[in-house]
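Enquirer: I would like the atomic coordinates for the input below:
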Amino acid sequence: MQFRPVIAATMLVLWAQAPALYAQTAAETPIAEPIDSGAYLAARVAGTDNDFREAAYWFTRALLAAPGDLSLMEGTVLAQAGAGNFDAAIAVATKLKATGMKSPSAEIVLIADEAKRGDFAALQVKPELARTGASLLDGLINAWAELGKGQMSDALDAFDALGKTDGLNGFAMFHKALALASAGDFEGAEAIMTGDAAGAIASLRRGTMARIQILSQLERNPEAIALLDQAFAGDTDPAITSLRARLEAGEPVPFDIVRNPADGVAEVFFSLALALNGEADDAFTLQYTRAALYLRPDHSEAILLTGALLENLKQYDLATEIYSTMPPADGGFFAAEIGRARALQGAGQLDAALEVLKTQAAANPEQTPIRLALADMLRGEERWAEAATAYDAVLANVPQPVPAGYWSVYYSRAIALERQKLWEPAEADFRKALELAPDQPQVLNYLGYSYLERGENYDEALSMIERAVAQRPESGYIIDSLAWGYFLAGRYTDAVVPMEKASLLEPVDATVTDHLGDVYWAVGRKLEAKFQWRRALSFDPEDELATRIRRKLEIGLDAVLAEEGAKPLTDVKNGN
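Expert: Okay, the predicted model is just below:
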């Protein structure tokens, strides 16, 4: 619908050209004024679905009809920021704040705006007027605002004061180190980074890169190389390779993690997003990564995290767009391309997703992560032959001796081969995976279950599955394998309890439920068996399984086994 951008553009023009008029309108218009109920309901539905772009359109349309409605303003801010339309979000947030309403989401947007404009006086948080209600965010912003005003001593005091709060010291000291480094005090920054004061955040990728740059500025390139090799061992990222070459040549690598106070504010948002990731709602965390990228569009890690959050929220088009902003020369480019392919796949554009990975794999054959992502995507789509060939390419350049981490590649290729009924090479790959990771429960379970299904190596198979269960006692699929092993050996009574547990852990899995029906039938609980088979049919089993289940419901398991020429069930009254 081509008129949607026009509405958004119109609102931006009105707010930009007539702020006094809109401030007056917001103040004088009752909050309960009539609204476009259709647009409002559409906005709420889109917001509930985390469809930020659609929500932004409908909230904007509703707000045009009721420009003084505070709830519509706040909804518009959230939707526009989530969609990455920060200029539109800033315009609405400015009007919302003028009404006197307290909105943490609007404050996040306005903080980013003030930092980008260099208005550090406005940015500063007054002690009696907490902006967002989050003491860590307000405290860090306040410290960077002091630095932006040229008050280094006050900034350092602010970081130190924040660090005295329980649980906040790591964040405060890490940002203090960045502030010192941005001002050229690399000795002071390294003193903080060397100890434990900066906390776990300093050991993450971005903190490690910051310290490498600090060491280089201190003319301590050998130490920087040692840290690089320790943190990024085996990394084939061209940016890491290039960085190492520069350090080896004795080149002083510039400190660009935080170049100025505005970058510092961007780093605050990113640091908090890292802390929130996986702990808070993804849509909430997204506010912080979007603010970081508004201030620093080249923040590669914020690009990757934003893309991942949008994928989690099933906003695949937005995720594809943000991944596409990663510069090709950036160290995060290949990770972004993998993310872009994932997002395209999520959006139902499989051919485009595969083309992204195939293009990058052909152009960069040394990039194992790209080749592995291609193989994994093909396997996930059950394109077994293509997947096996792709795994061949991954393993063609495997280092010697083979690192333990490669177990998963052999395991994945084994599955692709086994699904093609190429058992001998599949078995060899399963064995190689166990050689590299002897107690890996996934491999133990898959190989053990395969042996059971093939009627081979029963004792070893059951031992493998028992070892897997010991490590994953709450995995329904592994417990199902154990119970099924008992069933195939005629130990029907032994199979009942673990199979019931597997069914409780995987309550809507067709195969597990079907197995439970078979176990019940074997111990004489035939009505319960039929009930479970009917349940299994309701879980949309594959066609072959569904056909077999229906046949069991018609004539019973014993008759089906006879039709298949399989071994009949052992009479439980006669023991095993």
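
Enquirer: contacts only, for the residue nearest to the spatial centre of the chain.
Expert: Central residue of the chain (C-alpha atoms, centre = their mean): Ala308, 4.3 Å from the mean position. Counting by C-beta atoms under 8 Å, 6 or more residues apart in numbering, Ala308 touches 319, 339. The C-beta positions use only the backbone N, C-alpha and C, and glycine is treated the same way.

Enquirer: cool, and the one 3 residues further on?
Expert: Contact analysis of Glu311 by C-beta under 8 Å, 6+ apart lists 319, 339, 342-343, 346.

Enquirer: do Ala266 as well
Expert: Residues in contact with Ala266 (C-beta under 8 Å, 6+ apart) are 115, 291-293, 295-296, 299, 302.

Enquirer: element containing it, please.
Expert: Per DSSP states H and E: Ala266 is located in helix 261-276.

Enquirer: wait, Ala210 sits on Ala181?
Expert: Yes - contact criterion C-beta atoms under 8 Å: Ala210 and Ala181 qualify, at 7.0 Å.

Enquirer: please report phi then psi for Gly118.
Expert: Gly118 adopts backbone torsions of phi 80, psi 20, taken as degrees, to the nearest 10.

Enquirer: before we move on, the earlier item: wait, which of the contacts of Glu311 is closest to Asp282?
Expert: Ranked by distance to Asp282 (C-beta to C-beta), the contacts of Glu311 are led by Ala319 at 11.5 Å.

Enquirer: helices or strands up against the strand or helix carrying the closest one?
Expert: Using DSSP H and E, Ala319 sits in helix 316-323. Other helices and strands packing on helix 316-323, by 3 or more C-beta pairs under 8 Å, 6 or more residues apart in numbering; DSSP states H and E, are helix 52-65, helix 300-312, helix 333-346.

Enquirer: excluding chain neighbours, what is closest to Val443?
Expert: The shortest distance from Val443 to any non-neighbouring residue, by C-beta to C-beta, 6 or more residues apart in numbering, is to Ala433 (4.7 Å).

Enquirer: go on, Val394?
Expert: Closest residue in space to Val394, ignoring its immediate chain neighbours: Arg371 at 4.8 Å, by C-beta to C-beta, 6+ apart.

Enquirer: using the three-state scheme, assign Val402.
Expert: coil (DSSP: H, G, I helix; E, B strand; the rest coil).

Enquirer: contact partners for the nearest residue to it once chain neighbours are set aside?
Expert: For Val402, ignoring the flanking residues on the chain, the nearest one in space by C-beta to C-beta, 6+ apart is Leu436 at 6.3 Å. By C-beta under 8 Å, 6+ apart, the contact list for Leu436 reads 402-407, 410.

Enquirer: farthest-separated two in the contacts of Glu311?
Expert: It's Gly339 and Gly346 that sit farthest apart of these, by C-beta to C-beta, at 10.3 Å.

Enquirer: compare those two and say which is more crowded by neighbours.
Expert: Taking neighbours as other C-beta atoms under 10 Å, Gly339 and Gly346 compare with Gly339 leading, 26 against 18.

Enquirer: was I right about that one contacting Gly307?
Expert: Yes - using C-beta under 8 Å, Gly339 is in contact with Gly307, at 4.7 Å.

Enquirer: overlap in contacts, these two.
Expert: Residues touching both Gly339 and Gly307 by C-beta under 8 Å, 6+ apart: 319, 323.

Enquirer: what residues does stretch 480-493 touch?
Expert: Defining contact as C-beta under 8 Å, 6+ apart, one finds that stretch 480-493 is touched by 445, 448-449, 452-453, 455, 458, 461-462, 465-466, 468-469, 494-496, 498-499, 502, 506, 511-512, 515, 518-519, 522-523, 569-570, 572, 576.

Enquirer: in it, what counts as buried?
Expert: With burial defined by 16 or more other C-beta atoms under 10 Å, the residues of stretch 480-493 counted as buried are 480-492.

Enquirer: ditto for stretch 48-55
Expert: 50-55.

Enquirer: how near is Leu272 to Pro328?
Expert: 29 Å (C-beta to C-beta, to the nearest Å).

Enquirer: cool, Ala158 as well?
Expert: Distance, Ala158 to Pro328, by C-beta to C-beta: 39 Å.

Enquirer: higher neighbour count, those two?
Expert: Neighbours were tallied for Ala158 and for Pro328 using other C-beta under 10 Å; the higher tally belongs to Ala158 (26 against 9).

Enquirer: and the one helix or strand that one maps to, what other elements does it pack with?
Expert: In the assignment (DSSP H and E), Ala158 maps to helix 152-163. For helix 152-163, the elements it packs on are helix 135-148, helix 169-182, judged by 3+ C-beta pairs under 8 Å, 6+ apart.
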